[in-house]
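Asks: take this sequence and fold it.
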Amino acid sequence: MKTFHSQGKLLLTAEYLVLDGAKALALPTRFGQSLQVNNSKATNVISWKSFDNNNTLWYENTFRLANGKVKASNKDETTTWLLLLLNEAKILNPDFLITGHRVESHLTFPRDWGLGSSSTLINNIAQWANVDPFLLSEATFGGSGYDIACASAKTPITYQLFCNPHKSINERAISPINFNPSFKNHLYFVHLNKKQNSRDGIKHYRAKDFNKNDVISKVNNLTNEIISATNISLFNECVEKHEALIGTILNETPIKERLFPDFNGAIKSLGAWGGDFILVSYLTDPTPYFSEKGYHTIIPYNNIIL
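Replies: Numbers count the residues shown, from 1 in each chain. Now for the predicted structure:
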């Protein structure tokens, strides 16, 4: 049996703008997804099972290998996605999947948490197929690729994409950093009880007209200031500036003003605005405040970030 594992992700800065070359602070999580692969006696069959964080089977299917392609009789959303991943991986490596396998995927976080169920699967399949995970991601899921970088990272990273019109693939700078704020015991991640569609958020962002060079410069500075903040006051100030800047670009009200105006601490959206997790910076445990408002998934920094 071969086993592959990938970490989940949280994007702390440069949401949306990371697509256009802004410097982002990204955090790999303790939660992730594993892929277990066994050889099968059925030489042209791939048996696939997917389990959630409670070890409950939520997807099962059988794929066929025929004429150099992976095929399936039904075409539901999950099956279509898996077929795309497996066939694109086989294009990148024609020696991949020349015999049958029994495959199991196991998540260690709830599927609606938005920590990267797709990116961790892409990275695991790329490891199995021995192909570049960024190429596989670009051929299937798209996006900036920061989530793929987090999938194999061992520490927080800065991530920056460089789009070269003269090359067929993007270049990227991935730098492990020592992001270990002295006040991290005052940082929490709160789930907003819904999963946000990243592609919808990106589409909304792409429709906006603004001076990208100017905004990217400001975001790069804020990313650097957040990384180097020596106390929680400086950190909160940078968080609030970042929220205001992205809110202006999107023409949207930041989450704190919209949902938590009476909260006496800093709040920052992570990734696509409107869902998944928010970052909360507060001097005491914010659990009573958010629980009273119906938000019960409140995780201290050290319990979720590597």
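
Asks: could you use CA atoms for every contact and neighbour count after this?
Replies: Noted.

Asks: list the buried residues for stretch 231-246?
Replies: The neighbour-count check on stretch 231-246 (16 or more other Cα atoms under 10 Å) flags 232, 235-236, 238-240, 242-246 as buried.

Asks: among the residues you listed, which are in strands?
Replies: Among these, none falls in strands (DSSP state E).

Asks: redo those as TSV? Include pLDDT and distance to Asp200.
Replies: What follows is these, written out as TSV (pLDDT from 0 to 100; distance: Cα to Cα, whole Å):
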residue	pLDDT	distance to Asp200
Ile232	97	33
Phe235	98	29
Asn236	98	28
Cys238	98	27
Val239	97	24
Glu240	97	24
His242	97	21
Glu243	97	19
Ala244	97	21
Leu245	97	20
Ile246	95	16
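
Asks: closest one of the residues you listed to Asn74?
Replies: Ile246 (41.4 Å; Cα to Cα).

Asks: show me the contacts for that closest one.
Replies: For Ile246, no contacting residues are found, by Cα atoms under 8 Å, 6 or more residues apart in numbering.

Asks: now swap in Leu270 and tell me
Replies: Neighbours of Leu270 in contact, by Cα under 8 Å, 6+ apart: 10-13, 15, 276-279.

Asks: where is pLDDT lowest across the residues you listed?
Replies: Ranked by pLDDT, these bottom out at Asp276 (90).

Asks: how far away is it from Ser6?
Replies: 19 Å (Cα to Cα, to the nearest Å).

Asks: ok, Ser233 next?
Replies: 34 Å.

Asks: could I get the buried residues of stretch 231-246 as CSV with distance to Asp112?
Replies: Output for those, formatted as CSV (distance: Cα to Cα, whole Å):
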residue, distance to Asp112
Ile232, 30
Phe235, 28
Asn236, 27
Cys238, 29
Val239, 25
Glu240, 26
His242, 25
Glu243, 24
Ala244, 27
Leu245, 27
Ile246, 24
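
Asks: give me the number of neighbouring residues for Arg199.
Replies: By other Cα atoms under 10 Å, 13 other residues sit near Arg199.

Asks: and it, which helix or strand is it part of?
Replies: Element membership of Arg199, judged by DSSP states H and E, is helix 198-206.

Asks: which of the residues in that helix are classified as buried?
Replies: Quick answer for helix 198-206 (16+ other Cα under 10 Å): 198, 201-202, 205.

Asks: show me the strands in the stretch 201-306 of the chain, by range?
Replies: 266-269, 277-281, 298-300 (DSSP state E, counting those that start in this stretch).

Asks: how far away is Asn178 from Lys9?
Replies: Taken as Cα to Cα, the span from Asn178 to Lys9 is 16 Å.

Asks: and for Ala153?
Replies: With Cα to Cα as the criterion, Ala153 and Lys9 are 10 Å apart.

Asks: the more surrounded of these two?
Replies: Lys9 (31 against 22).

Asks: and the closest residue to His191 other than its chain neighbours, how many neighbours?
Replies: Using Cα to Cα, 6 or more residues apart in numbering and skipping residues adjacent in sequence, the residue nearest His191 is Phe277, 4.3 Å away. Neighbours of Phe277 under the rule other Cα under 10 Å: 29.

Asks: quick check: Phe277 touching Ile255?
Replies: No: at 11.0 Å, Phe277 does not count as touching Ile255 under the criterion of Cα atoms under 8 Å.

Asks: okay, and the common contacts of the two?
Replies: The contact lists of Phe277 and Ile255 share Ser269, where a contact means Cα under 8 Å, 6+ apart.

Asks: how far does stretch 45-63 stretch from start to finish?
Replies: Stretch 45-63 end-to-end distance (Cα to Cα) = 6 Å.

Asks: from the chain's centre, how far out is that stretch? Work that out for me.
Replies: When distances are taken as Cα atoms, centre = their mean, to the nearest Å, stretch 45-63 is centred 21 Å away from the chain's centroid.

Asks: pull the residues that contact that stretch.
Replies: Against stretch 45-63 from outside (Cα under 8 Å, 6+ apart): 40, 64-65, 70-73, 79, 99-111.

Asks: also compute the angle for the longest helix seen in the chain relative to helix 198-206, please.
Replies: For the chain, the longest helix by residue count, based on DSSP state H, is helix 232-250. Relative orientation of helix 232-250 and helix 198-206, computed by axes from the mean of the first three to the mean of the last three Cα atoms, to 10 degrees: 80 degrees.
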